[in-house]
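**Q** predicted model and sequence follow; I will ask about them next.
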Amino acid sequence: MESDEAVFKVVALLLLLFTTTAELGAAATWCVARSDASEEALQTALDYACGSGADCAPLQSSGLCYLPNTIQAHASYAFNSYYQRKGSAPGSCSFSGTATVATTDPSYGSCVYPSSPSTAGGTIGQGGTPIGTTPPGTVTTPTLSGPPPPPGTTAPLYGSGGGLNPSLGPATPTSSSSNALIKTRLFHVTLLLVFSFIFETM
């Protein structure tokens, strides 16, 4: 009887171990603008994303992702917002070939790129309208007005700008990196528990 109980414990813990391992393998992805895309194509795709349900409010002049004020940066944020709200569905990171899927978090400073539909403000319903938001066409699409600000007036992508450049401070861990750390620690604890029960029953 005691042997059956030990086998049950080992099987249950192995199942937990495999579940934890499967969760570790599911990495977050982001949709970003391709570096080789033309500014005209990026602007067209940015207009589409913002008009089809992407959250483009952070790209406004008072938003957390306005700087750097470049078409590349703005398009990347808008593409990712659309992609996440679409649940990372196949084809939702194309934008006529101007976008690509990345596995490295493009967030910087206080500009955090969503990594899931829940952090992107929900999913996009039919007609491109995000559930619980205003219909497409009511969002003002940010466009570049002239060249970017001169050097020394924009914050660096990552902290520690040095010199006269304002700094955003040290890069803080993003939610996805914090989640990965938690999952890694959970994996190690689970593995330790499995081995302790295996050797306890011997």
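**A** Looks like it arrived, so ask away. Numbers count the residues shown, from 1 in each chain.
**Q** export stretch 193-202 to PDB, keeping only CA atoms.
**A** Extracted C-alpha coordinates of stretch 193-202, given in PDB (Å, rounded to 0.1, in the frame of the first residue of the first chain):
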ATOM      1  CA  LEU A 193      10.600  18.200  -4.800                       C
ATOM      2  CA  VAL A 194      10.500  15.400  -7.400                       C
ATOM      3  CA  PHE A 195      13.900  14.200  -6.500                       C
ATOM      4  CA  SER A 196      13.300  14.500  -2.800                       C
ATOM      5  CA  PHE A 197      10.200  12.300  -3.000                       C
ATOM      6  CA  ILE A 198      11.900   9.800  -5.300                       C
ATOM      7  CA  PHE A 199      14.800   9.300  -2.900                       C
ATOM      8  CA  GLU A 200      12.600   9.400   0.100                       C
ATOM      9  CA  THR A 201      10.600   6.300  -1.100                       C
ATOM     10  CA  MET A 202      13.800   4.300  -1.800                       C
END
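**Q** mind listing what's buried in that stretch?
**A** Val194 (16 or more other C-beta atoms under 10 Å). Any C-beta I mention is one placed from the backbone N, CA and C, and that applies to glycine too.
**Q** average model confidence for it?
**A** Stretch 193-202 shows a mean pLDDT of 69.
**Q** ditto for stretch 107-126
**A** 83.
**Q** can we start the residue count at 664 from this point?
**A** Got it, first residue is 664 now, which makes that one stretch 770-789.
**Q** skip ahead from the helix or strand bottoming out on mean pLDDT in the chain and say which helix or strand is next.
**A** Using mean pLDDT, DSSP states H and E, helix 665-688 stands out as the lowest-scoring helix or strand of the chain, at a mean of 60. Proceeding N to C from helix 665-688, the next assigned helix or strand is strand 693-696, under DSSP states H and E.
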